[in-house]
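> Below are the sequence and a predicted model; questions follow.
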Amino acid sequence: MKIVSPISKVEEAAEFARIGADELFFGVIPEEWTKRYGNFTANRRSANNLNSLADVQEVICAVQGEGKRTSVALNGTTHTAEQIEFVKELAVKLADMGVDSLIVGDVQVLSLVNELELPVRLHVSSTASCRNIATARYFQKLGADRIILPRHVSLKEVSTMAKGAPEIEFEAFVLNDGCPYEEGLCHTLHLPNQMGGPLCFEQFGLETERLDGNSMSAGEIQQIDQNDTCYDRWRWSKFSRGFTTTESGQPYGPCGLCAIPALKEAGVEYIKIAGRDGNTTRKIKSLDMVLEITSRLNNGENNKSIMSCAKGLRGQPELCQNSEMCYYPEVIETP
Amino acid sequence: MLKLAVTFGESSHFDAVEDRDDLERRFQPCIPDDISYRLGNIRLGNEFCERLMPSSNQTRNAIFKADRFNLPFSLVLSNLTDKGHKKLKRLLPVLPDNTDVTVNDWGTAALVSSEYPNLSVTAGRLLCKHLKEARISTPDADPEVVWPISSKQFQKVLGGLGIQNAEVDLAPHTRPPAKKTPGFSVSLHLQRGYSAKSHVCKVGSINLPPEKKFAPGHLCRRECLDYVSPVIEQPHPKKDALPVFQRGNTWFYEYSERMNAAIATAIENSVIDQAIVTLD
C-alpha cells in the first residue's frame, strides 16, 4: 500500500520522502487569492500552506528524483464563477510546474480541469463525499483518477465501492484530523473563537425537546444526557483528544491503523495521513506509525499480530478498548 | 402565480392528512404573508438521511393519495450509499412516468438520468452548495455571484446529466438574485436552510450501546422524528445571528424577517419557479 502524507513546509518534503512517504500532499494559496477572497480558502486551510509557487517547485525538485509523487490540494467545496477561473489558472500553472496530481473537491473544478486536458492526475477529495459506486464512476467520467473516500465510511462501504469500481484508485484515511460532520456538506465557517468558533466545537448550549410538544420522561432525559456525554467524548477524540499527543509526540485519534489490513483486502491502494496543520514532529511520528504497520503487512505478518502492534504503538492500549478514536470502529469487534 | 411543493419527510405524516383542506391548513403557516400560490405537488422523502427513504409500499400509497388530491407526486432522496442504491433500485420502478426525483449525490443523479429516462431529475440542495453561516447574516454578498447555480460551469455539469431543475435554500448573508437563471427551473426551500450535515447521527445513537454509537452506517430508531435540539445559549451572541437547531444529523437555521421579505420579492419578480415547504 502507498502512504500519502501531508507537508506544510518545503523542508519537510525531502525528509518525509526519505522516511517512506510515497506521496506528499500540500496546499498553496497565491497572495492574489487571499487579497481577493480573504480567508475563504481554495483548499480549506487558511494557514499551513506552502508560501508560494516557488516553494511548490522546490518540493517537486526535492522528491521527484526519488520516485515520489506530489499532490496539491485545491479542494474547496464551493466556488463562484470568478473563483473557478482563478482555480483554473492555478491548475494550469501547477501542471506546467510538474505537479503529479491535483486534489479537487468541487465537481465544477473537476470537470473544468478535465476539459483542459492538463498533464496532471485528478484526485477527488474526501470533500466531494463519494459514497457509492455510481458516484465514483461519474467522477471517473469527469476525469478522476482516484477517489479519496470521506472520513465517516464503514469498511463494508469501502469494500463495496473499491470492488465495484476496480478501475478507479481509492484512498482512505488512516490517521489524524477528524470532523464530526461530513466535510463536503458543511457550509459553515471555522470562525474565530470570539465569534463562536467552528460549529463542530459546539461552544453553545443545546436543549433537546420532543417534537410532539410533550414533556420528556425522567428516563428519556437520562438517556439523552448519557448520549450527550458519549457524544462529547467521541467528538473530543475526533479532535485528537484536544489536539494532544503522547509524551513521545504520537498523535491521538482519529486512527485506523489496525484497519490497514482490512483496507488492503477491501481494495484500497492508498492510505492517507491527514494533518497538514500539525507540526513536523507530529507528521513524522504519524508517518512512523503507519510505516510500522505497512512494513509488517508487506512482510506477511498476520492481521491479528498487526492489530496487536497497532494497539500498542502509543503505549496506551487501553485507548483502543472503546471505539471513540477509530476511523473504522467495526475492526475492534472483528479482530 | 407561485407553484408550491409540499414535502413530507416521513410517509406516516402524509398518511395523517385527511384531504386537501387539511393539507392547506397544515402548510399555510409556513407561507410568507401576501404570497399567492397554487399547490403544485406532493413530495415524499428526506434529503439528509437514507434511513428515511420510503419503502416501495409507502411510495405506492403516497402516489395514490397524491392522485386523490389531484396533485403530482415527487420523490426526494438523500445522498446515498450503495446500500441505499439497492433499496432505490426497488423503489424507482414504482414511480409513474415523468415523476420528478430530487437527488442529492452525483452518483444517484447519474444513475437516475441514465437508467430511468422516464423520470425527471432535480438537483437537490446538497448538490447546489454555497456558504451558509447562520452566525453571519449581514446581507453583504452579491447574490448574482454567490447564488449556487449562477456559475456557468455548474450549469454545464448539470446539463451534462440532463438536469434542468435545481433546489436551493437562501444563504443568511445574501438574498436571491434579481433575475431568473436562464435555462433552469429553480425551487427555493422556504422557512429554513441547512448549514451542515453529518454522516453519523447524535440523536440516532440514543438507543445504541456506547461501542456502537456514532459509527459510520450505524442503526437507529428514527429518533430524529421525535426530537429536536435548538441552540439555547451562544457564548458570543451576535445581534444578526439566526436561530439554529439540530434535527437528526443536520443543522438548520431559521430565515429572518429580512430573508423572508427578500424571498417574497424574488417570488414577485418570478426569479423562483417553485417554493418548497417541509411539514415534519
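Structure's in. What do you need? Note that the coordinates shown come from a computational prediction; the quantities given were computed from them, not determined experimentally.

> Count the neighbours of the residue of the stretch 201-335 of chain A found nearest chain B for me.
Using CB to the nearest CB, the closest approach of the stretch 201-335 of chain A to chain B is made by residue A:205 at 3.2 Å. Every residue, glycine included, has its C-beta placed from N, CA and C. A count of neighbours around residue A:205, defined by other CB atoms under 10 Å in any protein chain shown, yields 11.

> Could you report the pLDDT at the nearest residue to it once chain neighbours are set aside?
Nearest-residue entry for residue A:205: residue B:233, 3.2 Å, with adjacent residues in sequence omitted and distances by CB to CB, 6 or more residues apart in numbering or on different chains. With respect to pLDDT, residue B:233 scores 85.

> Check the contact between residue B:233 and residue A:196; I expect there is one.
No - counting by CB atoms under 8 Å, residue B:233 sits too far from residue A:196 to count as a contact (11.4 Å).

> Can you tell me what sits against stretch A:102-114?
A:25, A:44, A:71-79, A:84, A:87-88, A:91, A:94-95, A:120-128, A:139, A:142-144, A:148, A:184, B:106, B:129, B:151, B:153-154, B:156-157, B:160 (CB atoms under 8 Å, 6 or more residues apart in numbering or on different chains).

> Using PyMOL, make a named selection holding only the buried ones among the residues you listed.
If you want just the buried ones from those in PyMOL, going by 16 or more other CB atoms under 10 Å in any protein chain shown, the selection is:
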select buried, (chain A and resi 25+44+71+72+73+74+75+76+77+78+79+84+87+88+91+94+95+120+121+122+123+124+125+126+127+128+139+142+143+144+148+184) or (chain B and resi 106+129+151+153+154+157)
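
> Residue 27: neighbour count?
Because you didn't say which chain, this covers chain A. Other residues lying near residue A:27 total 24 when counted by other CB under 10 Å.

> actually it's chain B I care about, not the one you picked
Residues lying near residue B:27 (other CB under 10 Å) number 19.

> Let me see the confidence value for it.
In this prediction residue B:27 is given a pLDDT of 93.

> if I pick it, what's in contact with it?
Each residue near residue B:27 by CB under 8 Å, 6+ apart is listed here: B:4, B:6, B:277, B:279.

> again, but for residue A:270
Here residue A:270 is in contact with A:1-4, A:22-23, A:146, A:169-172 (CB under 8 Å, 6+ apart).

> Just list whatever residues bridge to it.
Per DSSP bridges, the residues bridged to residue A:270 are residue A:2, residue A:171.

> where does the stretch 51-200 of chain A have low pLDDT?
Regions of the stretch 51-200 of chain A meeting the criterion pLDDT under 70 are absent.

> before we move on, back to that, mind checking which of the contacts of residue B:27 land in strands?
When these are checked against strands (DSSP state E), the matches are B:4, B:6, B:277.

> OK, contacts around the residue of the stretch 201-335 of chain A closest to chain B?
With contact set as CB under 8 Å, 6+ apart, residue A:205 has these partners: B:231-234.

> List the contacts of residue A:319.
Taking CB under 8 Å, 6+ apart as the contact definition, residue A:319 lies against A:252-253, A:325.

> hmm, try it at 10 Å
Contacts were defined as CB atoms under 10 Å, 6 or more residues apart in numbering or on different chains; by that measure residue A:319 touches A:237, A:241, A:246, A:252-253, A:255, A:311, A:325.

> Let me know the outermost residue of chain A.
Of all residues in chain A, the one whose C-alpha sits farthest from the chain's mean C-alpha position, using CA atoms, centre = their mean, is residue A:214 at 42.0 Å.

> Can you give me the pLDDT of residue 44?
Going with chain A. The pLDDT attached to residue A:44 in the predicted structure is 73.

> meant chain B actually
In the predicted model, residue B:44 carries a pLDDT score of 98.

> Skipping adjacent residues, who's closest to it in space?
The shortest distance from residue B:44 to any non-neighbouring residue, by CB to CB, 6+ apart, is to residue B:62 (4.6 Å).

> doesn't that neighbour fall inside a strand?
No - the assignment for residue B:62 (DSSP: H, G, I helix; E, B strand; the rest coil) gives helix, which keeps it out of a strand.

> just to revisit the earlier point, return the subset of the contacts of residue A:319 lying in strands.
Of those, none are assigned to strands by DSSP E.

> Farthest-apart pair in those residues, please.
Largest separation among those by CB to CB: A:241 and A:311, giving 16.0 Å.

> So residue B:4 is in contact with residue B:32, correct?
No - at 11.5 Å, residue B:4 and residue B:32 do not qualify as touching, with contact defined as CB atoms under 10 Å.

> Of the two, which one has the most company?
Shown here are residue B:4 and residue B:32; by other CB under 10 Å, residue B:4 has more neighbours (20 against 16).

> all helices of the stretch 101-250 of chain B, in order?
With DSSP state H, counting those that start in this stretch as the criterion, the stretch 101-250 of chain B has helices at B:106-115, B:143-146, B:152-160.

> Please identify the deepest-packed of the ones you listed.
Greatest average neighbour count among the helices of the stretch 101-250 of chain B goes to helix B:106-115 (a mean of 22), per mean count of other CB atoms under 10 Å in any protein chain shown.

> Give the other helices and strands that it contacts.
With contacts taken as 3 or more CB pairs under 10 Å, 6 or more residues apart in numbering or on different chains; DSSP states H and E, helix B:106-115 sits against helix A:133-141, helix B:82-91, strand B:100-103, strand B:120-123, helix B:152-160.
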